[in-house]
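> Just to be clear, the model below is a prediction. Sequence and coordinates:
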Amino acid sequence: MKNRQAELIKDMSPKEIVYHLYFSQLAFAILGVILALFLFDDVAAFLKILEWKPVDIFFVGTIVGIGVVVVDLLMMKWIPKKSFDDGGINEKMFQTRSIPHIFLLAIIISTTEEFLFRGVIQTHFGIWVASILFALLHIRYLHKWLLFLSVVIVSFLLGYVYEVTGSLFVTIWAHFLIDVLLAIKIRYDFVKKKGHEKGRSGEDEQ
């Protein structure tokens, strides 16, 4: 299964991967809306998960989001790169995207996934069900125990933050920061590498 997935990703263009991402996020959004219609008693019960708590959102959410990114960067620095190899899907998805497009993708991903997994599923079925389902969503990580463990930990962390603050906006903001900062790093590394390759080719021509 691992090799088959790697081959599928290798054959897909960056544009095809992004299209698949948009499709999957649309599916999550539709599923979330359908479940919300059945599970929430009324509009007031739904709106309760969307409480606007600026301190929690921009203080707690920022600390959690940046904290996760810092830990990820330290792990990437100290742990062999192959332990973080997801088959190249993140690189293909983000390395050639513009910064505005990266922001758009991060907003869509964080909003739809947090709405479905934290706002709907966790609210009605608890943190364990929501966190495990969220982790299993990243099925390509199952063959990389460190990646999968990281996703599980982040999933429970976001779930705990939601339990404590009671506001979906907090986890949306934290999730957005994690995705956008790591995606920008992928793009930065790609641009930097291309710059070095261009510099070396120029030196060779001389």
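It's in.
> tell me which residues of the biggest helix by length in the chain are tucked away?
Selection of the longest helix in the chain by residue count, based on DSSP state H, yields helix 168-205. Neighbour counts over helix 168-205 (16 or more other Cβ atoms under 10 Å) mark 168-184, 186-187 as buried. To be clear about C-beta, it is placed using only N, CA and C from the backbone, and glycine gets the same treatment.
> helices or strands next to it in the packing?
helix 61-78, helix 89-94, helix 99-113, helix 145-165 (3 or more Cβ pairs under 8 Å, 6 or more residues apart in numbering; DSSP states H and E).
> The spatially most central residue of the chain - nearest residue in space that isn't next to it in sequence?
Centroid check for the chain by Cα atoms, centre = their mean gives Asp179 as the closest residue, at 4.8 Å. Take Asp179 and drop its neighbours on the chain: the residue closest to it by Cβ to Cβ, 6 or more residues apart in numbering is Ala106, 4.2 Å away.
> which residues touch that neighbour?
Phe176, Asp179, Val180, Ala183 (Cβ atoms under 8 Å, 6 or more residues apart in numbering).
> now do 10 Å
Ala106 sits next to Phe94, His175, Phe176, Leu177, Ile178, Asp179, Val180, Leu181, Leu182, Ala183, Ile184 when contact means Cβ atoms under 10 Å, 6 or more residues apart in numbering.
> For Val129, see how far away it is.
To Val129, Ala106 is 25 Å away according to Cβ to Cβ, to the nearest Å.
> go on, Ser83?
Ser83 sits 28 Å away from Val129, going by Cβ to Cβ.
> Repeat that for Phe103.
Taken as Cβ to Cβ, the span from Phe103 to Val129 is 31 Å.
> same question, Trp78
33 Å.
> which of those two has more neighbours?
Val129 (14 against 7; other Cβ atoms under 10 Å).
> Pretty sure that one sits against Arg118.
No: using Cβ atoms under 10 Å, Val129 is not in contact with Arg118, being 11.3 Å away.
> Need the overlap of contacts for those two.
Listed contacts common to Val129 and Arg118 are Gly159; contacts here mean Cβ under 10 Å, 6+ apart.
> ok, now which ones touch the spatially closest residue to Ser13 that is not a sequence neighbour?
Spatial nearest neighbour of Ser13, chain neighbours left out: Lys92 (7.8 Å); criterion: Cβ to Cβ, 6+ apart. Residues in contact with Lys92, defined by Cβ under 10 Å, 6+ apart, are Ile9, Lys10, Met12, Ser13, Pro14, Lys15, Glu16, Ile17, Val18, Ile186.
> what residue ranges in the protein score low on pLDDT?
Low-confidence segments of the chain (pLDDT under 70): 1-10, 85-87, 139-143, 196-206.
> which SS state does Ala36 fall under?
helix (DSSP: H, G, I helix; E, B strand; the rest coil).
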